[in-house]
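> quick one, fold the following:
(one chain, ligands or ions: 1)
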Amino acid sequence: MKNPISAAQMTEIITAKLSHNFGVTPQEATNEHIYLALALVVRDLVQNLRRDFEEDVRKKQGKQVYYLCMEFLMGRSLKNNIYNLGLCHVVDEALKSFEVKTETLYEMEPDAGLGNGGLGRLAACFLDALATGGYPAMGYSLRYEFGIFRQKIVDGWQTELPDNWLPGGDVWLIPRPEQTRIIKFEGQVKDWWDGSYHQVEHINYTSVEAVPYDMYVPGKDGEGVSVLRLWEARAPGLDMNLFNQGDYLRAMEQNSMAEAITKVLYPSDNHREGKSLRLRQQYFLVSASIQDIIYRHLSEYSSLHNLPEKAAIQLNDTHPALAIPELMRIMLDECGFGWDEAWDIVTKTINYTNHTVMKEALEVWPEDLFAQLLPRIHQIVQEINNREGAQMMTATGGNTQMVSDMAVISYQMVKMANLSVLGSSSVNGVSKLHSQIVKDTVFHNFYVVTPEKFKNVTNGIAHRRWLCQSNPGLTNLLTELIGDGFVKDASQLAKLKAFEKDSTVLKRLQQVKRENKERLAAYVKKQNGVILNPDSIFDVQVKRLHEYKRQHLNALHILSLYQDLKDNPNLDIQPRTFIFGAKAAPGYFLAKQIIRMICKLSEVLENDPAVRDKLRIVYLEDYRVTLAELLMPASEISEQISLAGTEASGTGNMKMMINGAVTLGTLDGANVEICDAVGEENMFLFGMRTPEVENLQRSGYNPQVYYNNNHRLRRAVDAVRQGFAGATFDEVVHALLGADQYMVMADFEDYCRAQSAIDAVYADPAKFNRMSLRNVAGAGIFSADRAIADYARDIWHVSPLK
Ligand code: 26W
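Residues are numbered from 1 along each chain as shown. So this is what the prediction gives:
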C-alpha cells in the first residue's frame, strides 16, 4: 500500500468508528461492534484504493472487463482484504488494545454464499486475480437476500434452512441508489414506420427498480481493485393508479412480486429450472448490467462505436445470455443503430464461457413464456434466429439438419446456448479436455462453421486464499525454502521440486500436514462429536452431490472394504478417514438418498469397535467456502472420480493439490492437466478414458454384467439392497442396476485397485511425502492469475494497467 498504517493509527481509527457508528467506547464495545468497526475501516481503505485505480483507468482510457454471472460464491471477506492490504500484523497488534483476537472476529463473519458451487466460486476467484493483475474489472450479479441454503442432516436426510446472510454480511455492501436502473417486464410492443425509420415502443409494461450495491475486492499489494456490483430488486413506489381504484391489495401484490426477484438463489447446480422467476432473475441481472455498462461507456466516450475496443463482456455460462438481445435492444431502440452495425458491435464485445456439457443443464425456455415476459427481447431473438438461420444456410451449403441444430428458436423453445455462441466472438471451455468435448459434441456444428471462435481457458483458483491464507504452515515452509515470490507468481512453486529428495523437507511437509489434520480434527470433534485419528489417511471428497461426480462409487468401495475387514479383521490396511461434504439440490431425491447412504454407512462403522479405528466416515454438514478453507489444507487424498467426460474442469482438485494432496481420479476435466503437471507417478489414476466411455455407450452398456462377474461388487451392491442402520436405499440400487448412467459399476474394479495402491504408497511416508511435494510444486499453473492472463491475452485483448 502507498501509505502504510501503523498499529497505533489503526487502533485510533477503529475507536473512532466505534464511537461514530455505534456510540460506544472500546470498553463498552461487544465483539460484534468491533467486527463491524474493523470491517468498515477496511472497507474505507479499499474504497479509496478503488477510487485511485478508477482515476488511473480513466486517464489511460483502459479497456474494461465486465464479468456477468448469476453467482459469486465469495465466502468471507475480512481476512482476505486484510491479507491483500498487507495489514495482518497491524490489525493483530491493534486488536490487542480491544482484548480480542483477530481470529475471533474472522469467525463472526457469515459467508456470502451467493452461488452453488464451481461456477460461482470461479467467478469469485477471478475477481481476486483481476484485481491483483491490475485489470480494470467489474463483476455483475444479484444481491440475493438468501444465499445457498444452510444444510442440516437429520437422520441422514438433508434438510434445508434459509441462509440469512445480510446481518453481518452487508457491511461490505455499499448502496448506490443514485445509479438505480429501471427494468421492464411484460406488456406489448407497438411498432410503426415514421418516414423511413422503424419505431418501436414497449407499452403497458411493469417496471422494477434495480438498486446497485458495490462490494470491493482488493488485489494483493497492488493498486488494482475489482468491484462486484450486486443488484437488488425494488418495486417502484406503489402504483397510485391502482390505489385510487381502491385496489390496495393488487398494489401490494405487485410490490412483493417485484421484490421476489432477488429474494433467493436458485439452489440447483447443473440442472435447469424452468421457472418464470428464474427467467425474470436472468433478465433483471442482464438489463441492469448492460444499461450500467452502456452508461459507464457513454460517460467516457459519448459513442458506442468503440465499445468493442473499450469493453469486454464475459458471459459466465448461458445464464446471462440475454445480454446479447438486451445490448441489441438498447442500440436499436434507444441509440438509433441499424441492425448490421449493432450486431457487429455486440458480437465483438461479448464472449461466452461454457461450464458444463450435462444435457439437463442446457438452458431452454418455452417461447410463449419468453414472449409474454419479455416481448421486445423476444422480437429481437426472433430476428437473430431468422438472420443467423439464413447465414447458416449459406455457410453449410444448405444443410437443413445442421441449420436446425444451430437455431436459437426451435420447436417453440428458446435455446440459450445457441444464442450465446451466435452472439459471441469467443466461446471457451474450462479445461483442455472439456474445450475439446465442446467442439466435438454440443457445439460441433458451430465449430465446423466458425472454428476460430473456439478456445480453451483452463480454470484456476485464487491461490492466495486457498494456500497463503488457508494454510499458513505450508506457506511459511515454502517461503523459507523458495522465498515469497510464489505469492504473486505461482509458477515459482516449481522451485520446490529441488527439495524432492531432501528428507528433512519431506518430514517438515508431513509435519505441516499433521498440524492441519489436527486442526480439522478439533473442528470435527466440536461439530460431530467424533474423535478422528490424525494418523489415518484423510481422504476427502467435497463438492456438490451429483450422480456424475459419483460419491456413490466412493461409498460402494468403503462398504466393500468394510466387508473385507469383517471377513478378515487382521487385514493389513492403512487406517483411513473418509471425509465427505456436499449439498444436494433440494429437489434431487436420489442425491439426497446417496447422502443418507453415506451417513448410515458412517453409523455402521462407528458402531463397530472392531473397525472404527481403521475405517471411519465423517459427513460434514453445510459444506461451504469457509469449511473448505479448513479442509483443503488437511486433505491427503483428493477424490476426483467423475465419469470421464462429465466434469468440465473441477477446481476443488486444484485447491487440494496446492495444499499437497494427491489426486485419486479419472482422466476427466482438469485432472488431465494435473497429470500433465505432476506425471502419472504422482497421482492415483483409474477408470475408463473418454474414448472407452464412448465406446461402451455405443456398444450398449449393461451394468448387470459387472454385477454378475465381480464378486466384490456384487456383495457390496447386495448390502445396499439389503439396507443398513435401519435404512434402505432403493433408488440407489435402482440407479446402479438400472441404467447406471455414470458407469459406477464399470469403473468399480479399477477404483478398488487404485485405492489399494494408495495403501501401499502411504506405508512408505518418504514416498508419499514426495508425491505430495510434487503436487504442490506442480500447482502453479492452476492459479487464477494464470487463467486471467489467458483470458486477457486470448479473449479480452486487454493489458493490465500498470
Ligand atoms: C441452469 C442451472 C445450472 C446452474 C449452474 C446449470 C449449470 C450450472 C453451472 C454451470 C454448473 C457448474 O457450476 N459447473 C461447474 O463449473 C466449474 C467452473 O468452471 C467447473 O470446474 C465444474 O467442473 C463444473 O461442473
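> hang on, W796 packs against V65?
Yes - taking CB atoms under 8 Å as the definition, W796 is a contact partner of V65 at 5.7 Å. (Each C-beta comes from the backbone N, C-alpha and C, glycine too.)
> any common contacting residues for the two?
Residues touching both W796 and V65 by CB atoms under 8 Å, 6 or more residues apart in numbering: A312, Q314.
> next to the ligand, which bits of the stretch 201-350 of the chain? Give me the list.
S268, D269, N270, H271, R272, D317 (CB under 6 Å from any ligand atom).
> now those residues as CSV including secondary structure and neighbour count?
Shown next, in CSV, are those (DSSP: H, G, I helix; E, B strand; the rest coil; neighbours: other CB atoms under 10 Å):
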residue, secondary structure, neighbour count
S268, coil, 18
D269, coil, 25
N270, coil, 21
H271, coil, 17
R272, coil, 19
D317, coil, 24
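> with these in mind, which one is nearest to Y35?
Comparing those against Y35 with CB to CB places D269 closest, at 30.9 Å.
> quick revisit: check the residues of the stretch 201-350 of the chain next to the ligand for the minimum pLDDT and say which it is.
Scanning those for pLDDT, the smallest score is found at N270, 88.
> now do the contacts for that one.
T356, M358, E360, A361, R544, H546, Y548.
> try S287
Per CB under 8 Å, 6+ apart, neighbours of S287: R181, I183, K184, A210, L322, E326.
> closest to G660 out of the residues you listed?
For these, the nearest to G660 is L322 (42.9 Å; CB to CB).
> where's the nearest residue to the closest one once chain neighbours are set aside, which helix or strand?
Leaving out its chain neighbours, the residue that sits closest to L322 by CB to CB, 6 or more residues apart in numbering is V286, at 4.4 Å. Applying DSSP states H and E as the criterion places V286 in helix 276-301.
> skip ahead from that helix and say which helix or strand is next.
Next along from helix 276-301, by DSSP H and E: helix 307-310.
> contact partners of that following helix?
Q61, K63, Q64, H297, E300, Y301, I345, K348, T349.
> per-residue pLDDT, the nearest residue to the last one once chain neighbours are set aside?
So that's T349. Among residues not flanking T349 along the chain, P308 sits closest, at 4.8 Å (CB to CB, 6+ apart). pLDDT recorded at P308 is 98.
> burial count for P308?
Using other CB atoms under 10 Å, P308 is surrounded by 19 other residues.
> who in this structure is up against the ligand?
So far as CB under 6 Å from any ligand atom goes, the chain lies against the ligand at 116-119, 122, 268-272, 317, 355-356, 361, 363, 430, 459, 647-651, 669.
> spit out the contact partners of V421.
Y352, M406, V427, F443, F446, K453.
> try 7 Å
Y352, V427, F443, F446 (CB atoms under 7 Å, 6 or more residues apart in numbering).
> looking at the residues you listed, which are in strands?
When strands are assigned by DSSP state E, the members of the contacts of V421 inside them are Y352, V427.
> would CSV of the contacts of V421 with pLDDT and neighbour count be doable?
As requested, these are exported to CSV (pLDDT from 0 to 100; neighbours: other CB atoms under 10 Å):
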residue, pLDDT, neighbour count
Y352, 98, 28
V427, 98, 25
F443, 98, 25
F446, 98, 22
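> excluding its backbone neighbours, what's nearest the residue in the stretch 701-802 of the chain positioned nearest to the ligand?
The stretch 701-802 of the chain approaches the ligand most closely through A787 (10.0 Å), counting by CB to the nearest ligand atom. Using CB to CB, 6+ apart and skipping residues adjacent in sequence, the residue nearest A787 is G460, 3.4 Å away.
> for that neighbour, give me its contacts.
G460 neighbours (CB under 7 Å, 6+ apart): C125, F782, S783, A784, R786, A787.
> I'd say G120 and L73 touch.
Yes - counting by CB atoms under 7 Å, G120 does reach L73; the two are 3.6 Å apart.
> joint contacts of those two?
Common contacts of G120 and L73 (CB under 7 Å, 6+ apart): L114.
> that older thread, residues contacting the residue nearest to L322?
With CB under 7 Å, 6+ apart, V286 has these contacts: L68, P320, L322, A323, E326.
> among those residues, which are located in helices?
A323, E326 (DSSP state H).
> out of the contacts of V286, which end up buried?
L68, P320, L322, A323, E326 (16 or more other CB atoms under 10 Å).
> what's the spacing between the fourth one and the ligand?
From A323 over to the ligand the distance is 16 Å, taken as CB to the nearest ligand atom, to the nearest Å.
> before we move on, back to that, quick check, nearest of the contacts of V421 to the ligand?
Closest to the ligand, out of all of the contacts of V421 and judged by CB to the nearest ligand atom, is Y352, at 11.9 Å.
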